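> Mind folding the following:
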Amino acid sequence: MINKMNIIEQQKTICEKYGANFIESPLELKVGISLNVKEGIEPIHGLRHFPSGDTTGWYIWAGEYSDDPNFFQPLHIEHLDDWNQLIAPFLGLEPGYRFLIAENGNYVDVWEDLSLLDSID
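Sure, this is the predicted structure:
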């Protein structure tokens, strides 16, 4: 299980490094995540829309993206480390950001993508 105080500090450090505002992703809220993240497939991709309802706005997948309507599954952030321990430190990035993690965390890219802020219907 994720240590809330430790992860918030890690998230703030990443936000500062990449010039993003810190917007908390509370542990009781959900991300949309592809099942293949659990299999250790790389690279790991993440993007954040605006939070809505009981979700953080984060969508996370590994390898190739799929348009399959069942590609993303809901997962409470508090269980994310059971799937992959590299992801949670990035979840404080504000909406409109993306990340890519590869080489078991030795390669990381974070960038702003303002198109994520357009409304999605």
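
> Can you pull out the low-pLDDT segments for the protein?
1-2, 4, 119-121 (pLDDT under 70).

> Go through it and flag its longest strand.
Across the chain, the strand with the greatest residue count (assigned by DSSP state E) is strand 55-62.

> Look up the closest residue to residue 27, ignoring the ones flanking it.
Counting by C-beta to C-beta, 6 or more residues apart in numbering, residue 27 lies nearest to residue 78, which is 4.1 Å off, once chain neighbours are set aside. C-beta coordinates here come from the backbone N, C-alpha and C atoms, glycine included.

> Would you confirm that that neighbour belongs to a strand?
No. Going by DSSP: H, G, I helix; E, B strand; the rest coil, the assignment for residue 78 is helix, not a strand.

> which secondary structure elements does the longest strand of the chain contact?
If you count contacts as 3 or more C-beta pairs under 8 Å, 6 or more residues apart in numbering; DSSP states H and E, strand 55-62 packs onto strand 30-34, strand 44-48, strand 72-76.

> hey, C-alpha coordinates of the first one in CSV?
Just to be clear, that refers to strand 30-34. Output of strand 30-34 as CSV, limited to C-alpha atoms (Å, rounded to 0.1, in the frame of the first residue of the first chain):
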residue,chain,number,x,y,z
LYS,A,30,-9.4,6.1,-9.2
VAL,A,31,-7.2,6.0,-12.3
GLY,A,32,-8.1,4.4,-15.6
ILE,A,33,-5.4,1.7,-16.2
SER,A,34,-4.7,-1.0,-18.7
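
> neighbouring strands for it, and are they parallel or not?
strand 55-62 (parallel), strand 72-76 (antiparallel) (DSSP bridges).

> Figure out which of the ones you listed is closest to residue 103.
strand 55-62 (13.3 Å; C-beta to C-beta).

> Is residue 95 in contact with residue 57, as I believe?
Yes. Applying C-beta atoms under 8 Å, one finds residue 95 in contact with residue 57, separated by 5.4 Å.

> Compare those two (neighbour count), which wins?
Here residue 95 and residue 57 are compared on neighbour count by other C-beta atoms under 10 Å; more neighbours surround residue 57, at 21 against 18.
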